[in-house]
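[1] Build me a model:
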Amino acid sequence: MAPAPVLFCSHVAEWGGAEAVLIDLLGELDRSRFAPHLAGPSTGPLPDRARALGVPVHDWPFGANRLAKWLAIPKAARRLRQLAGQVGARVLYANSAIAGYAAVRAQGPSLPCLWHLHLVAEAWLLRRGVARAAGLVAPARACLTRLPAAVQARAHVVPNGVPERCFRATGSGLRGELGMRTDPGAELLVGILGRLDPQKGHEVLLRALATLRAPWRLVVVGGEAFAAGMPRVRGYAEQLRRLAAELGIDARVSLLGHRTDVPELMAQLDVVVVPSVGTEAAPRAIAEAQAAGRAVVASRIGGVPELIAHGSTGWLVEPNQPAALATALQQLAEQPEQRQRLGAAARAFAERHYRMAAFAAGVEAALAATLASQARGADGTR
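    Alright, predicted model coming up:
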């Protein structure tokens, strides 16, 4: 039997967590069962990586700002139907929210939409759009809690996979690069990794570290992705530099920007912090840090408690509470054996839940179920 063509849809070409998950999937997908195509902007990190994997990219442009993207949805839906016809697509696979709104408009009796929900479905408009999809994939149960039971019944909870590189990564030289002391326990090396965005809680972390008694250094890894469509992101790196200076800690804070050696950097950190203040589904940085055997401190928000068992595979703190975060970091600075214990338990959890083969198998099961449901609908059976 020939593989079923699947048209993956993304309205963005920039690089973020959802896009990394998509590329992971495209790289692991069983090509004997599914033939992937990508509909999206034709230039940028995402389409470049898709082409490198041998995935055909079909131009599907959207406007430059958020309003233009919303206004483009009806036209984008028509273009999706056209592309689906050209490639013989059996399923539309929406990987971003705006792509999802277009894909559910484009779906029909012989062209179902499977929506990969990377967000917690809180907003009314998102819940309404998601409810129209033939099927859902979500990395955490928290993504689905506000959806009707009938919609949740069509959902597949599939934890995001982590590339093998994250499990195997080692690194050295970061402490020297930062001018840190290299003797064990001299300074706590803390990292926050991911795109620069106020919702990720960088400012909370800076305020927490400013009160820490133990010696520490912080590396901030990530760039201002999606700045064109998100005004809050533009200039955020400079805002962080100003805040660090105001707090008198700028000499201990290093903004490294976008890096391609994130797994190797992660492996050298003592603690990874995910202090999000905006609702998170399943932050990729947590899974990658756990795969690397790092101690993780994260906000108790959204789907994060599904990734971290407090005190066992990591540490949870209430969001937007610098004092609580500082207390957790001080304890981990003073107790290296606890850091090691949390990191070892996190690594064992990652081995059980984040292997890429299991992630791909879960999504393939969702694709197969969507196709089977569509076939039953086509022949009138239930």
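[2] C-terminal to whichever strand or helix holds residue 21, what's the next element?
    Residue 21 is part of helix 17-28 when elements are defined by DSSP states H and E. Sequence order places strand 34-40 as the next helix or strand after helix 17-28, per DSSP H and E.
[3] Tell me the helices and strands packed up against that next one.
    Packing contacts for strand 34-40, counted by 3 or more C-beta pairs under 8 Å, 6 or more residues apart in numbering; DSSP states H and E, involve strand 4-9, helix 45-52, strand 57-59, helix 73-87. C-beta here means a position set from N, CA and C on the backbone, and glycine is covered the same way.
[4] what about residue 109, neighbour count?
    Here the count is done by other C-beta atoms under 10 Å, and residue 109 has 8 residues near it.
[5] So for the helix-or-strand element of the chain with minimal mean pLDDT, what gets flagged as buried?
    When the helices and strands of the chain are scored by mean pLDDT, DSSP states H and E, helix 66-71 comes last with a mean of 79. Using 16 or more other C-beta atoms under 10 Å as the test for burial, helix 66-71 gives residue 69.
[6] low-confidence ranges in the protein?
    63-65, 184, 225-230, 375-382 (pLDDT under 70).
[7] all strands of it, in order?
    4-9, 34-40, 57-59, 91-94, 113-116, 135-138, 155-157, 188-193, 216-221, 253-257, 271-274, 295-299, 315-317 (DSSP state E).
[8] Parallel or antiparallel, which strands does the second one pair with?
    In its sheet, strand 34-40 lies beside strand 4-9 (parallel), strand 57-59 (parallel), with partners assigned from DSSP bridges.
[9] Any buried residues in the longest one, and which?
    Going back to what we said before, that points to strand 4-9. For strand 4-9, the neighbour count (16+ other C-beta under 10 Å) marks 5-9 as buried.
[10] repeat for the shortest one
    Applying a neighbour-count criterion of 16+ other C-beta under 10 Å, the buried positions in strand 57-59 are 57-58.
[11] Check what contacts it and list those residues.
    By C-beta atoms under 8 Å, 6 or more residues apart in numbering, the residues outside strand 57-59 that reach it are 7, 37-42, 47, 50-51, 83, 86-87.
[12] Pick the one among the buried residues of strand 4-9 closest to residue 168.
    residue 8 (27.5 Å; C-beta to C-beta).
[13] ok, residue 288 to residue 173 distance?
    19 Å (C-beta to C-beta, to the nearest Å).
[14] Neighbour count: those two, which is higher?
    Each of residue 288 and residue 173 had its neighbours counted (other C-beta under 10 Å), and the higher figure belongs to residue 288 (27 against 9).
[15] The more buried one is in contact with residue 264, isn't it?
    No. Between residue 288 and residue 264 there is no contact under C-beta atoms under 8 Å: 11.4 Å.
[16] Quick one: the helices in the stretch 151-300 of the chain, in order.
    Assigned helices in the stretch 151-300 of the chain, in chain order: 164-168, 174-177, 202-209, 236-246, 262-266, 284-291 (criterion: DSSP state H, counting those that start in this stretch).
[17] Please dump those into TSV; it should also carry distance to residue 77 for every row.
    Converted to TSV, these look like this (distance: least, C-beta to C-beta, whole Å):
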stretch	distance to residue 77
helix 164-168	36
helix 174-177	47
helix 202-209	37
helix 236-246	33
helix 262-266	35
helix 284-291	29
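[18] Tabulate the strands of the chain (CSV), appending distance to residue 370.
    CSV is the format used below for those (distance: least, C-beta to C-beta, whole Å):
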stretch, distance to residue 370
strand 4-9, 10
strand 34-40, 11
strand 57-59, 20
strand 91-94, 6
strand 113-116, 5
strand 135-138, 4
strand 155-157, 9
strand 188-193, 33
strand 216-221, 36
strand 253-257, 39
strand 271-274, 32
strand 295-299, 32
strand 315-317, 34
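[19] closest to residue 199 out of the ones you listed?
    Ranking these by proximity to residue 199 (C-beta to C-beta) places strand 295-299 first, at 10.6 Å.
[20] and the longest helix for the protein?
    For the chain, the helix that runs over the most residues, judged by DSSP state H, is helix 356-378.
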